[in-house]
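Participant: Give me a 3D structure for the following:
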Amino acid sequence: MKRLKKAYALMETQHGVAGRQELLAECGLTRGQLDNLLRRGRLESAGRGVVRAPGSPRSPQQRAMAAVLRCPPGSRLTGEFVAAVYGMDGFTLASAPVRVLNPSGD
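Facilitator: The predicted structure is shown next:
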């Protein structure tokens, strides 16, 4: 399925995850196709509104990307996780909590 290949390509650029709405809008999947892929194990749930590619590494980066995808557009990572990404002393990705700044306040 060409649409599924497009979905996997998108997830590869986003640490193995994608928002359901992204897959519908950008990859051309329908809700029914997406639900079917989840039922058959071709995709896995990564929380509300986010799916992951089966077998993709469950990394701190994937956890952070999924958190951002759950939020409205314009949301950004903040706090200790960002400090770890920039390599600041005393911060590590594995132990840093993921916090997302939502400019809309939702």
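Participant: residue nearest the centroid of this protein?
Facilitator: residue 66 (3.1 Å; C-alpha atoms, centre = their mean).
Participant: nearest residue to residue 80 other than its sequence neighbours?
Facilitator: Once flanking residues are discounted, residue 80 sits nearest to residue 96: 4.1 Å by C-beta to C-beta, 6 or more residues apart in numbering. All C-beta spots, glycine's among them, are computed from the backbone N, C-alpha and C.
Participant: Confirm for me that that neighbour is in contact with residue 88.
Facilitator: No - look at residue 96 against residue 88 with C-beta atoms under 8 Å: they stay out of range, at 10.2 Å.
Participant: rewinding a little: mind listing what the residue nearest to the centre of the chain touches?
Facilitator: 17, 46, 47, 50, 52 (C-beta atoms under 8 Å, 6 or more residues apart in numbering).
Participant: and what of residue 28?
Facilitator: Residues near residue 28 by C-beta under 8 Å, 6+ apart: 3, 6.
Participant: How much space separates it from residue 55?
Facilitator: Note on residue 28: its distance to residue 55, by C-beta to C-beta, to the nearest Å, is 23 Å.
Participant: how about the strands of this protein, start to end?
Facilitator: Here the chain has its strands, by DSSP state E, at 17-19, 44-45, 50-52, 76-78, 99-101.
Participant: Can you give me the distance of residue 10 to residue 38?
Facilitator: Per C-beta to C-beta, residue 10 is found 16 Å from residue 38.
Participant: Those two: who's more crowded?
Facilitator: Counted by other C-beta atoms under 10 Å, residue 10 and residue 38 do not tie: residue 10 has more neighbours, with 17 against 14.
Participant: quick one: the more buried one from residue 87, how far?
Facilitator: The spacing between residue 10 and residue 87, counted by C-beta to C-beta, is 28 Å.
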